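Chemist: no sequence on this one, just coordinates:
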């Protein structure tokens, strides 16, 4: 299609370097990564009681008060893994003789136990040691067990936070020595709270130990306070320092609103006690937020609960029945969102999905913006080609890794081909090119939000699969003019002539301004 | 709280004038409007077979091949009104002796009939006259009937389009004289296609006739081509010229993606044949688009169909069963979206909902932008106070009617109070004000995306109920600086001193630039 000059430019641009994607493709021995998008992934965890597809949600089961049975949950919601509390189980069912956790919960699928760190911290117990909790979990034999960590909490001082990290790490090291049941996989929790350097240290050091997966502690208080941007910093501090081939559990983050963003950051497991806690408080989850039952005039949902009743009937149900119905609704909507997220990963549309979900609340939008500020790190994970088109859905689209990647490659690897004339053309149509000598002319297209695209890169994903509203918004104008300015500063010297085909209606005077650095040789053709 | 000077400014700003809201509250005799948001409304239509809540979706029933029965649909989806085709019914069931449509469809709820204009146009029939179709509908007695219109279509020339408008109007006039069954309400279709002046004429003239409701023709081809912005122009041309107290039916626009935007434009009735047509083609609707069954790895939905099967099982179902399951899923997801829309109207959150849905596709985003370009017209309908907070969810938020209203009022009605000093402060916190004499100082807050808010307006909805991400995006910066510039140009002269408390981290140098018109008396305090 085009000569060696242009081909050389294309090859430079595509030049393959190390990418985490390559590494991730092989995964760990219990965790196999099947599909990736952003830092998110669909994976498979192999346990003694069957495989689990991730990302997944673990409904929290109170072993002393089972309202929805795990096996019914599997049937109704498709839940694969449930989580229960080892400490509460020990208190209630005793230590002697030991009953296996699968018997206690009457469930033959995968079960995870949380250690009960939070309860022990809060309600205190002089009789239980970290070693007891390890040995007890080994004996009740869940598929995944958790060591007894010390939650940092949001209000912690730096000293206290450092202490929680130190003690949790010490216990993690000790637990590796004590563990005895080879059927049980172990989770090493990460602490540090709002002190991201402590979180980094906790992740780095715990990650060196022999653990099958890791849990990131303490987001619940932040979630309840809509402090989503701080959760992003917490998760990213951990993710940047954990082994990439281990699944990551985000403690207590089972509300559908932030699920997709958490998955995009590379979290694989979520637990939800919220489904039942919210139900007891008449709170009705939607994938955009939470509503109080009394504020509902319609049931804004298509789940089996909501299509089998009306809002008036639901409000009149006896308390016990109402809580059960709300709990089932809350689980349906959360698992529905989980399937939407998985499907989006398969299609390569996770970014679009996250952007949509984060529009539901200004604090989520802030969190998305915070996540995108880690762009250079994210870019190394995000697949280079995807199945679906790139949809522009607002200003954050301009900060997606695909866009950043193009801009980095253009800046760092690209070399303009040896052609004497540069023609800058708007994205759509190409009639204007009749007037130039195509042999000697290099063509640069304006492609918001990617910026500028030299003709030889036109078939590279997603530059050609880019769908953007025709009337440019402020961000589209900014992205194009800034990129044009940068391109001309880098490569403007190599051309003898620069012709700008200017579409005033779309770009105003911005393009001319962006051509400042080549103004002596600039020719403007108004369209 | 503040003296007479400030109070006077507040009263000027609030000064009540005629608003369509007042008019709409009373509604027409068959149509009662209960709640409003944007141009959207929740209403009640009274028919001979019971009340219908709007906005509503009418599943299209093929009288010759009933796959899902209307009474089962009511039970499963909560559908109240169904629509069938009078012409096909006449062809199949004959004219003599006449069977009532409620008997044919075995349904005692409200039924609407479409005339069959499209079929007659397409397949031709010399034996049927417009009068026949009127008389036949009167005799089969649906709750709502439709005259025989001539669809304009998208490919029409201007001449042909004008002809369809003329003939449809002539028939509408004639039908008023022929109609004989007082139990039947009549729908007068609006034509004109892409020629918005013809649509305006069609709406204006048909609206003068004695009809109970109106239908806007021809959006289906545009919908199928993702030409959503053109649909916006079509709907707005009709809505601006139709009587406000009559329900409006948007022909054939039953896909959940554009439902909320159409409702926000004031459409009340939608019909869906798509649920079954899509199902036959293995197409699976979501409220964000359409997916092919073969592209699904998960069922991204919580409806009873999707929670009772898996994607693998669904793909293996026998054809007839699969079509039925997909049709039921498609209806569930559409009715779920309808309930979400109704609930959003009740909460005063329709704008947020529409903005969220329009992020699903660049063409929808374009359509939303087009709709917002009718801001001045929309503003007259949008309620002045709402139940819920104003959530900023991206650049279109700055173009919402609430924002426009504030800017118009500030420009046209407001008068700055007689105070000698103006203090311009950032939105958050207020410690900086310790240094000024509050008695003599007028305080102006920066409130993106509303712009600037004089202190005495601070409690006016939604200026105080405004939630915006803390780190301003380009649009927030633009809205604040532009508003500040305008305010100072209008009222800057009335102050002796202007103090700008400048937060560089948030606003950069933009605020100083916006104060250009008062630079001689400007004092800058860096925060």
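Modeler: Great, that's in hand. It should be emphasised that the depicted structure is a prediction, and the values quoted were computed from it without experimental measurement.
Chemist: quick check: which element contains the nearest residue to residue A:414 once chain neighbours are set aside?
Modeler: Spatial nearest neighbour of residue A:414, excluding adjacent residues (C-beta to C-beta, 6 or more residues apart in numbering or on different chains): residue A:13 at 4.9 Å. The way it works is simple: take the backbone N, C-alpha and C, and place the C-beta from them, glycine included. Applying DSSP states H and E as the criterion places residue A:13 in helix A:4-14.
Chemist: who does whatever helix or strand residue A:202 lives in touch, helix- and strand-wise?
Modeler: Element membership for residue A:202, per DSSP H and E: helix A:196-207. Secondary-structure packing of helix A:196-207 (3 or more C-beta pairs under 8 Å, 6 or more residues apart in numbering or on different chains; DSSP states H and E): helix A:158-178, strand A:185-190, strand A:213-216, helix A:228-239.
Chemist: those: which one's closest to chain B?
Modeler: helix A:228-239 (8.4 Å; C-beta to the nearest C-beta).
Chemist: which strands or helices does the closest one pack on?
Modeler: Secondary elements touching helix A:228-239 (3+ C-beta pairs under 8 Å, 6+ apart): helix A:196-207, strand A:213-216, helix A:219-224, strand A:248-250, helix A:256-264, helix A:362-372.
Chemist: mind putting these into CSV with distance to residue B:178, mean neighbour count and mean pLDDT?
Modeler: Output for these, formatted as CSV (distance: least, C-beta to C-beta, whole Å; neighbours: other C-beta atoms under 10 Å in any protein chain shown; pLDDT from 0 to 100):
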stretch, distance to residue B:178, mean neighbour count, mean pLDDT
helix A:196-207, 77, 21, 97
strand A:213-216, 72, 27, 96
helix A:219-224, 64, 18, 86
strand A:248-250, 67, 27, 97
helix A:256-264, 54, 27, 96
helix A:362-372, 56, 23, 95
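Chemist: next, format the ones you listed as CSV and append distance to residue B:346.
Modeler: Below are the helices and strands packed on helix A:228-239 laid out as CSV (distance: least, C-beta to C-beta, whole Å):
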stretch, distance to residue B:346
helix A:196-207, 41
strand A:213-216, 38
helix A:219-224, 26
strand A:248-250, 33
helix A:256-264, 20
helix A:362-372, 21
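Chemist: for residue A:223, what are its contacts?
Modeler: A:231, A:252-253, A:255, A:258 (C-beta atoms under 8 Å, 6 or more residues apart in numbering or on different chains).
Chemist: at the contact with chain B, which residues of the stretch 201-350 of chain A appear?
Modeler: A:286, A:288, A:291, A:295-304, A:306-308, A:310, A:332-333, A:335-336, A:339-340, A:342-344, A:346-347 (C-beta under 8 Å from any C-beta of the partner chain).
Chemist: of the residues you listed, buried ones?
Modeler: A:286, A:288, A:291, A:296-304, A:306-307, A:332-333, A:335-336, A:339-340, A:342-344, A:346-347 (16 or more other C-beta atoms under 10 Å in any protein chain shown).
Chemist: returning to that earlier point: in this structure the residue nearest to residue A:414 contacts residue A:413, no?
Modeler: Yes: counting by C-beta atoms under 8 Å, residue A:13 touches residue A:413, with 5.6 Å between them.
Chemist: among the two, which residue is more densely surrounded?
Modeler: Shown here are residue A:13 and residue A:413; by other C-beta atoms under 10 Å in any protein chain shown, residue A:13 has more neighbours (18 against 14).
Chemist: centre of the chain to the helix holding residue A:202, how far?
Modeler: Relative to its chain's centre, helix A:196-207 lies at 20 Å (C-alpha atoms, centre = their mean, to the nearest Å).
Chemist: for stretch A:444-459, same thing?
Modeler: For stretch A:444-459, the distance to the chain centre is 28 Å (C-alpha atoms, centre = their mean).
Chemist: helix or strand: which one has residue A:489?
Modeler: helix A:474-491.
Chemist: contacting residues around the helix or strand just after that helix?
Modeler: Per DSSP H and E, helix A:474-491 leads on to strand A:497-502 as the next helix or strand towards the C-terminus. Residues outside strand A:497-502 that contact it (C-beta under 8 Å, 6+ apart) are A:420-426, A:432, A:436, A:441, A:488, A:492, A:511-512, A:515, A:518, A:521-527.
Chemist: same thing but at 6 Å, please
Modeler: A:421-425, A:432, A:511, A:515, A:518, A:521-527 (C-beta atoms under 6 Å, 6 or more residues apart in numbering or on different chains).
Chemist: likewise stretch A:260-271?
Modeler: Defining contact as C-beta under 6 Å, 6+ apart, one finds that stretch A:260-271 is touched by A:38-40, A:54-55, A:57-58, A:60, A:83, A:235, A:239, A:247-250, A:253-254, A:341, A:350, A:353-354, A:357.
Chemist: among those residues, name the ones in helices.
Modeler: With DSSP state H as the criterion, helices contain A:235, A:239, A:341, A:350, A:353-354, A:357 from among the contacts of stretch A:260-271.
Chemist: most surrounded residue in these?
Modeler: Of these, with other C-beta under 10 Å as the count, residue A:354 tops at 29 neighbours.
Chemist: if I look at residue A:451, how far off is residue A:13?
Modeler: 13 Å (C-beta to C-beta, to the nearest Å).
Chemist: to clarify, my last question referred to residue A:394.
Modeler: In terms of C-beta to C-beta, residue A:394 sits 27 Å off from residue A:13.
Chemist: ok, back up a step: now go through the buried ones among the residues of the stretch 201-350 of chain A next to chain B and say which are in strands.
Modeler: A:286, A:291 (DSSP state E).
Chemist: what about the stretch 151-300 of chain A, any weak spots by pLDDT?
Modeler: Counting by pLDDT under 70, the stretch 151-300 of chain A contains no low-confidence segment.
Chemist: near chain B, which residues of the stretch 351-500 of chain A show up?
Modeler: For the stretch 351-500 of chain A, the residues in contact with chain B (C-beta under 6 Å from any C-beta of the partner chain) are A:356, A:359, A:362, A:365-366, A:391-395, A:467-469, A:473-474.
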